[in-house]
Structure formats: C-alpha cells, structure tokens
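1. Here is the input, now give the coordinates:
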Amino acid sequence: MPSTHDWINNPLDVVEGMFAASQSNPKSGWEAKVVEFFKDRLKEKDAHTWVPSLNDVPLHYLKPNSLVKFRCLIQDMFDPEFFMGAYETVDPSTNAKVLRCGRYKDVTECGVDFNSRNTVTAERQTFYCVPIPGENPWVKESYACSSQARVVPSTSYAPTRQKRSYEEDDMDDMDTQPQKQREPHSASQGHTEQHGNGDCKRQETEAPSSQTASASHLDLNFPLPGEKGPSCLVKVYEDWDSFKLNDTLEVFGILSVSPALSALADEKDASSSILDPTESMETAEEQRVHSPPASLVPRLHMLYARPLPHNNPLLPSATLEDNSAFLSSTLSEMASVRAELLTYLTHVLLGDALAAEYLILHLISNVYARRDVLPLGKFAMNLSGCPAAALYTQRFYQIIQQLVPSSFYLGMSLQNMNQMRLVPKKDYVANRLVSGALQLARNTFLFLDETHLEQGQLDTTGVRNVTALGNLISWQKVDYDFNYHQMEFPCNINVLIASEGRSLLPSDCQIHLQSQVSPPNMEEYLSNIQLHPQTSSQLNKFRIYLSVARQLDYSISDEMTKSVEDDFVDMRKDDPQSVSAEDLHRMLVVARLLSLSLGQTSLTRDSWLRAKHIDMLRRSRMEQHQCVNGNEP
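-> Predicted structure coming up:
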C-alpha cells in the first residue's frame, strides 16, 4: 500500500540516494529529479490521500522528517536565508570524510568540516503560512474524511508532558547542530487546533499545559479573530518568485520539528541582551517573534506545491477542464439544482423569491479579469430591509456558511469599527506583516452586518476601516499599511451587506427584502428551514453547484453583442435618463451570472431578456421603498 512506501515515511532517504548518485556526475541536475520523483508519485491514483495533512492530524501524531501536506495561505514572505546545501563531515576516530546533503533539512550532522572546499552554500526562501482563513467546518471535515493516511500518536506523547515530548526522548541519541547560517525572518505563531482523521471526525486534541502556556505569549497573527490551527514556516528551494502573498496552496513537504531549532531559539532569548551587533542584525523583538519553537511552529521543506483554484473538497482537485466527465455530469443537473436552491433560499429570505434570485447570482460572482483598475465580474450586494430583531442576520449567515467553503461574519458595531484591525500592517520592529481581517483568500464570502450599527462617533481607526471596506467593495483591493507608504493588493472577495436601510457602503446591487411571511418566532422559523447535517446529500449538491458555477468560462457572441446594443438604444429612445451606461453594465453582469447559474457558458436571448426583467422588478421595488432622504435606488 502507498502508506508503507518509503517516499512517504522516509523521503530524506530518496533525497540522499539521489544526492549520492549525483556525485559521479555533478551536472546531473539531481535537485530537479527529486522534485519530479515526488510529483510523479503524487500523481498516482489516490496517492495524495495517503499523505498525512497538518490540517487534520495533530502534530504529535506525525513522524518527524516524513512527507506531509498542508492546505494554507501565504500570510507573509521573508528574506531569503543561506544554508549549507552540501557539506563534509569528519569522523573523529578514523578521520574519514563524508559528503552530505543539506537540502530539506534544518540541522546538519555532527562533525562538520567548516574548512572543507566541498562546502556548498545555497539559498532558500521562507514563507509564513496559515490555514485558509475562514474555512468552514464542513470543508475541514470533508477533507479529513477523504484522507486515507493512517497515523498513530508518538509513543512519547502524553498530555501532562512538557511541550517537546518526543524531542526530549530523542535528545540522547541525536547528534546534530543548527544548519542555518542565519535564522529566517519568520512571523509569529500561535497555538494549534488539529484533528485526527481516523473516523472522519474532527477531534479536539488537548495540548499539553506547558505548550498552551508557551503559545500564549506569541501573537497568533491569524488574519481572522478566533482562528485556530497549525501554522508553518515553509522553506522553498525553487521558483519562489512564482508565489505571491495571499496565494492559497497545498504544500507537500518534509516535516521538520527538530529540537535543535527550539534550543537555538531559547539560546537567542537568553543571550539577546549581550549579542554582538556584528554577529546578528536581528533585534531582540525579531528573535522572539521570528524563532518560535519548532514544536509549536513546525518547519515544512517544500518538495512540491499545488495552487488551489478552490478549497471545495467535493470538487476534483484539478481544473474542471481536466475532469470533463465530472463537468458534463454537473452541467446536466445545473438547472434542476438551481431550482431547488432558489426554493430553499426563498424560504430563508422570508418568502422573497426575487431577493433569493439575486442572492444566487451574488454567491456565484467572481472577478474573472481586470481592465486597468476596474475588476470585472464583481457583484457586491446590499440586502436592505433585514429584520434587526430576533438575530435574523446571524442565522442567515450561518445558513450561508453551510454552502460556501470560506466565509467571515463582521458585525459592523461601533466598537468593532473603532477597534478591529482590518488592514494588514508592516511591523518594522519585528520585521513581519501583522495580519488583518481583510487578508483573505480569493473567493471568501464576507458578510457585513450593518444592523449592528448604533449611534456614536467613528474615530480615526473606524474611518480607516470603513474606507478600507469601501475600497474592497468598489475596487476589489486592499491597501496594506507599510507606515511610509501603502501597497495595493488585489483580491476577489464576495461582499454581502445586510442592513435595515440603504447601506452606508457602496454596492453593485441593492435589493430591499420584501417579507412574504411574518413568523411569530423567527428563531424557530429559521431553525426549521435550515438544512442539517443529516441532509448532507442535498447540501453537497448546493455546494458543488455554487463552486462549479463560479469557475465556468463565459463569452458573448458578436450577434448577441449587437442585439444588446440595439436594446440599449431602444430603451433610451423614449427617456434617455431612464437607463444609464451604469445600468447597462449592471444588467450585463446580471445576464452573465444568470447564464452561468443555469450552466450556460454563453449569453442567449432568453437570458438577456430575463436579466432585463428581474432588473426592472428590482428597480421598481427600490422606487417603492425609496428612502425619505432622497437616495436613488
């Protein structure tokens, strides 16, 4: 079985074997052969499911120096570091010299000959990676359930032991020394919440009390408050320029939790006050933040990383074009699943079928291109008229949370706006990017609840936060704060604003909720409607539908383009002010999303007429509910 293969349990044996074979031919390109070897193995049927995941398995269940995977977001990127790619060791008893490989390791063997001419200094990059922010429980459970990796807890682990359980046991027979010539600039790391996957359930694993205490002084630096999970320092050896901040990846690499790294960090802490500035350019703050114990922040030496176009475990991991059978099967059911979803969301939205129609369009919207500064395809929605009482918006969010892979609820109370850190900020003292709640992965659903607004004054932070939300909605970008300047980072976030009146934030489409039912007990009404885990097959159909619709390609034929232009001219004939260019743009976006929601990849005349019709209904409703302050619909 693949789980017993040495390339999973002992990947360093493969690396060292190829390194040794290359000595007779130094130009053999053995490094590329190593990467190709693991890529080929992972392409074998279901092979990737046999690799344990840091997202699912507690760290103490994983064997050091084994192959693991990690589904993550690149939260920060650090300066390159130097390491000994090859070095020579000397046996003190025989004076025999052995050339060793330093790649994919954090420590060297004992007895390094630092004067050897065979020493090769190499360079690698370090990324600080966190679990995908806002990933919903059903996603984590599905990934854990699909894993076929079988792991057992380390025999040296016990909840009452000190934080370096297996490290202490290995100390007696370990004879190593730190390999790095300069410790990487690593962001801080927090406590871990990891999950066993043997019975397809996420199991909470209590950390040793000393480990919890050790983690408590570290700033977790997760983008979203309350997030838990493992974080890693990912060491990258090739093509690191191809990765960008906020990329979502599945990293396959060699796990390193060497106690020498923790010992090095402890030594730095103890000696920071007497460090010679010529020997270390790091401040004490940098050393504290950048050298977290390996037992809390494992190092992962990347062999291969696969970009994640989505994090929906119900879809094939590759692109839809590479899975034609799955795509054709899904497309054949799109119209029927859409009808079922429309009925479900109509009940959730208190009987309002038009609002449910627009909610589906919003949920499948996606920035598919950028023209200059304009993001094409975005469809931020303001659902006004939401009941402020009975916690309607919170329950509404929980229902959406069951449908989308990643989401975040932000109650726009005065306190949150004035106190939360939404925009990431560069900390030059610790030399790291301090995360903010808007550092999100692409395709995250952001629910802004304006029903929490109350009377009061926004302070400077509050004004900056509201401005940042407005820029995110309008331009799909977040300007990170680098103190002396701002750096623009594009994003692709679905933003829904729930409000009582018209939102103070911009939106691409506002629709006023028109309740058809008035339940005496809103909490009970929504609880009865909400699909529960026992109806997972129905939920899974909706989840697949929404993710597939987002990824479909779309085009407009020249004939349809001419037809739309003629319609626009006709609409303006009687009253040039009735339809603006902005209205036409919105109707084209609605027509695109309407087509994709039906599984159609090109615009038809029927879809265009339907888009015009529902936009007319929406505008008519907005005129009826026009606010007394004169806001335009």
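
2. Now residue 103: closest residue in space that isn't a chain neighbour?
-> Nearest-residue entry for residue 103: residue 85, 5.8 Å, with adjacent residues in sequence omitted and distances by Cβ to Cβ, 6 or more residues apart in numbering. In this view, the C-beta of every residue, glycine as well, is placed from N, C-alpha and C.

3. name the helices or strands packed onto the helix or strand hosting that neighbour?
-> Assigned by DSSP states H and E, residue 85 belongs to strand 81-90. Helices and strands touching strand 81-90, by 3 or more Cβ pairs under 8 Å, 6 or more residues apart in numbering; DSSP states H and E, are strand 97-101, strand 107-109, strand 120-131.

4. Pull the distance from the shortest one to the chain's centre.
-> This points to strand 107-109. 33 Å (Cα atoms, centre = their mean, to the nearest Å).

5. now the strands for the stretch 451-600 of the chain?
-> 477-481, 486-490, 494-498, 509-512 (DSSP state E, counting those that start in this stretch).

6. Counting by contacts, list what the shortest one packs against.
-> Applying 3+ Cβ pairs under 8 Å, 6+ apart, one finds that strand 509-512 contacts helix 353-363, strand 381-384, helix 605-624.

7. one more time with 6 Å
-> strand 381-384 (3 or more Cβ pairs under 6 Å, 6 or more residues apart in numbering; DSSP states H and E).

8. coming back round to it: packed most tightly, which of the strands of the stretch 451-600 of the chain would that be?
-> Of all the strands of the stretch 451-600 of the chain, strand 494-498 carries the top mean neighbour count, a mean of 25, counting by mean count of other Cβ atoms under 10 Å.

9. Name the strands paired with it and say parallel or antiparallel.
-> Its sheet considered, strand 494-498 pairs with strand 381-384 (parallel), strand 445-449 (parallel) by DSSP bridges.

10. Let's test this: mean pLDDT of that strand, rounded?
-> Mean per-residue pLDDT for strand 494-498: 98.

11. now do stretch 542-551
-> On average, stretch 542-551 scores 96.

12. before we move on, back to that, let me know the angle separating the strand holding residue 85 from strand 97-101.
-> Orientation check (axes from the mean of the first three to the mean of the last three Cα atoms, to 10 degrees): strand 81-90 against strand 97-101 gives 150 degrees.

13. could you check the angle strand 120-131 makes with strand 81-90?
-> 130 degrees.

14. how distant is strand 81-90 from the center of its chain?
-> Taking mean C-alpha positions (Cα atoms, centre = their mean), strand 81-90 and its chain are 34 Å apart.

15. residues in contact with residue 346?
-> Residues in contact with residue 346 (Cβ atoms under 6 Å, 6 or more residues apart in numbering) are 353, 356.

16. In three-state terms, label it for me.
-> Following DSSP: H, G, I helix; E, B strand; the rest coil, the label given to residue 346 is helix.

17. Any figure for the gap between it and residue 340?
-> Distance of residue 346 to residue 340, given as Cβ to Cβ, to the nearest Å: 11 Å.

18. quick revisit: so which of the helices and strands packed on strand 81-90 is the most surrounded?
-> Highest mean neighbour count among the helices and strands packed on strand 81-90 (mean count of other Cβ under 10 Å): strand 120-131, with a mean of 21.
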